[in-house]
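**Q** Based on what follows, work out the 3D shape:
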Amino acid sequence: MSSDGVEGAVAGPVVRPRRLRTTPAMRRMVAETQVAPRQLVLPLFVREGISEPQPISSMPGVVQHTRSSLLAAVAEAAELGLGGVMLFGIPETRDATGSGGVDPAGILNLAITDVVGEVGDALTVMSDLCLDEFTDHGHCGLLTPDGRVDNDRTLAAYAEMARAQAHAGVDMVGPSGMMDGQVAVVREALDAAEHTDVSILAYSAKYASAFYGPFREAVDSCLEGDRRTYQQDPANAVEGVREALLDVAEGADVVMVKPALAYLDVVRRVRDAVDVPVAAYNISGEYAMVEAAAANGWIDREAAILETLGSIHRAGADVILTYWAAEAARLLRA
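**A** Take a look at the predicted model:
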């Protein structure tokens with residue numbers, strides 16, 4: 001011990017990673033991952049037959065829009081520099097075949113035309129291509145007499161729905177029903193109708209997740225039973241990659257993993273396997289968990305939003321669908 005009572009000096013490390021964390025400017029300069037507003041897509045719900053936006057109780061801050069309030073939301077999204085919007089329609093009436101999804105005067109097709117007229121090329125206008133919001137049984141396809149989802153009859157309905165959405169003016173369709181062969185059928189239908197420029201965001205690895213609950217409130221789901229015979233088993237990752245590769249082979253322009261947070265490993269595997277952009281959907285239950293924790297004062301809400309989106313991008317997602325898209329864009333500009 002030295003005369004001043006201090007132990008002998010300890011040799012410090014030569015390599016000090018903390019040097020690159022010393023100031024905000026330094027951390028910003030060397031950041032490996034940075035989410036940009038252009039990578040964010042805002043999902044939006046538009047409901048037929050309402051005069052005012054309707055709050056969704058399990059998704060604080062998210063609403064079912066009227067056609068007019070939807071236009072204000074997409075105008076803001078364009079001003080914020082978001083990459084796009086994904087539209088979901090909620091009809092007043094439903095039937096066994098989901099006929100409202102193919103009706104040119106149906107709420108989703110009208111909303112597509114409204115939004116394209118409002119924002120033009122400033123946003124990529126995307127639409128959900130699935131029957132579940134339009135069927136009275138809530139499944140993503142047509143049913144056999146014994147209640148099973150009929151894959152191939154459903155494909156014919158998807159082809160008709162793709163043509164209707166393209167005619168309405170959509171930029172990108174999102175077949176989300178997890179029917180075998182859906183991307184090939186949609187691509188063929190679009191091309192045959194001379195909509196070769198309409199692109200496909202394939203819901204390639206869509207899992208039968210417990211985190212969809214708030215979404216079902218958002219679309220007033222009529223689901224009877226579950227979707228485990230067509231959505232993927234949460235235990236499987238290799239299968240997710242296989243589905244993505246099949247969709248690329250069938251003509252998908254972008255492939256997606258849904259949900260995002262519980263499947264970040266699948267996002268990474270898909271990103272490593274394909275040569276098209278990869279999207280991930282930060283879904284309703286993931287949104288609701290953060291909002292609930294923040295409302296109870298358990299977490300820093302804004303920091304948690306940015307950390308969540310950063311983790312999805314870091315895992316390999318080029319595009320992120322998130323209900324925080326507009327807010328995150330403002331935070332990223334700050």
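**Q** and residue 154, which of the three is it?
**A** helix (DSSP: H, G, I helix; E, B strand; the rest coil).
**Q** Around the residue lying closest to it once chain neighbours are set aside, count how many other residues there are.
**A** Nearest residue to residue 154, sequence neighbours excluded (C-beta to C-beta, 6 or more residues apart in numbering): residue 141, at 3.3 Å. Every residue, glycine included, has its C-beta placed from N, CA and C. Residue 141: 28 surrounding residues under other C-beta atoms under 10 Å.
**Q** Secondary structure of residue 141: a helix, I assume?
**A** No: using three-state DSSP, the assignment for residue 141 is coil, not a helix.
**Q** list the contacts for it?
**A** Counting by C-beta atoms under 8 Å, 6 or more residues apart in numbering, residue 141 touches 131, 149, 150, 151, 153, 154, 157, 177, 179, 230.
**Q** quick one: pLDDT of the fourth one?
**A** Just to be clear, that refers to residue 151. For residue 151, the pLDDT comes out at 96.
**Q** what's the answer for the one 10 residues further on, then?
**A** What the model reports as pLDDT for residue 161 is 97.
**Q** Quick one: list the elements packing against the host helix or strand of it.
**A** Per DSSP states H and E: residue 161 is located in helix 151-168. Contacts defined by 3 or more C-beta pairs under 8 Å, 6 or more residues apart in numbering; DSSP states H and E place helix 151-168 against helix 107-119, strand 124-129, strand 172-175, helix 182-192.
**Q** Let's see the longest one as CSV, backbone CA atoms only.
**A** Right, helix 107-119. C-alpha atoms of helix 107-119 as CSV (Å, rounded to 0.1, in the frame of the first residue of the first chain):
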residue,chain,number,x,y,z
ILE,A,107,-65.9,0.2,-47.7
LEU,A,108,-62.3,-1.0,-48.3
ASN,A,109,-62.4,-0.3,-52.1
LEU,A,110,-64.0,3.1,-51.6
ALA,A,111,-61.3,3.9,-49.0
ILE,A,112,-58.5,2.9,-51.3
THR,A,113,-59.8,5.3,-54.0
ASP,A,114,-60.3,8.1,-51.4
VAL,A,115,-56.8,7.7,-50.0
VAL,A,116,-55.1,7.5,-53.4
GLY,A,117,-57.0,10.7,-54.4
GLU,A,118,-55.8,12.4,-51.2
VAL,A,119,-52.1,11.5,-51.1
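**Q** average pLDDT for it?
**A** Mean predicted confidence for helix 107-119 is 98.
**Q** now it against strand 124-129, angle please.
**A** Here helix 107-119 points in a direction 180 degrees away from that of strand 124-129 (axes from the mean of the first three to the mean of the last three C-alpha atoms, to 10 degrees).
**Q** counting contacts, what elements does helix 107-119 pack onto?
**A** When contacts are defined as 3+ C-beta pairs under 8 Å, 6+ apart, helix 107-119 sits against strand 40-47, helix 67-79, strand 84-90, strand 124-129, helix 151-168.
**Q** one step back: so can I have a markdown table of the helices and strands packed on helix 151-168 showing mean neighbour count and distance to residue 101?
**A** Converted to a markdown table, the helices and strands packed on helix 151-168 look like this (neighbours: other C-beta atoms under 10 Å; distance: least, C-beta to C-beta, whole Å):
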| stretch | mean neighbour count | distance to residue 101 |
| --- | --- | --- |
| helix 107-119 | 21 | 7 |
| strand 124-129 | 26 | 8 |
| strand 172-175 | 25 | 12 |
| helix 182-192 | 21 | 13 |
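**Q** can I get these in JSON lines with distance to residue 50?
**A** Listed next are these as JSON lines, based on distance: least, C-beta to C-beta, whole Å:
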{"stretch": "helix 107-119", "distance to residue 50": "10"}
{"stretch": "strand 124-129", "distance to residue 50": "19"}
{"stretch": "strand 172-175", "distance to residue 50": "24"}
{"stretch": "helix 182-192", "distance to residue 50": "30"}
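**Q** So for residue 275, which of the ones you listed sits nearest?
**A** helix 182-192 (15.6 Å; C-beta to C-beta).
**Q** Centre of the chain to that closest one, how far?
**A** Centroid separation between helix 182-192 and its chain, computed with C-alpha atoms, centre = their mean, to the nearest Å, is 21 Å.
**Q** do the same with stretch 188-208
**A** In this view, stretch 188-208 has its centroid 15 Å away from the chain centroid, taken as C-alpha atoms, centre = their mean.
**Q** Would you mind listing the buried residues in it?
**A** By 16 or more other C-beta atoms under 10 Å, the buried positions in stretch 188-208 come out as 189-190, 195, 198-207.
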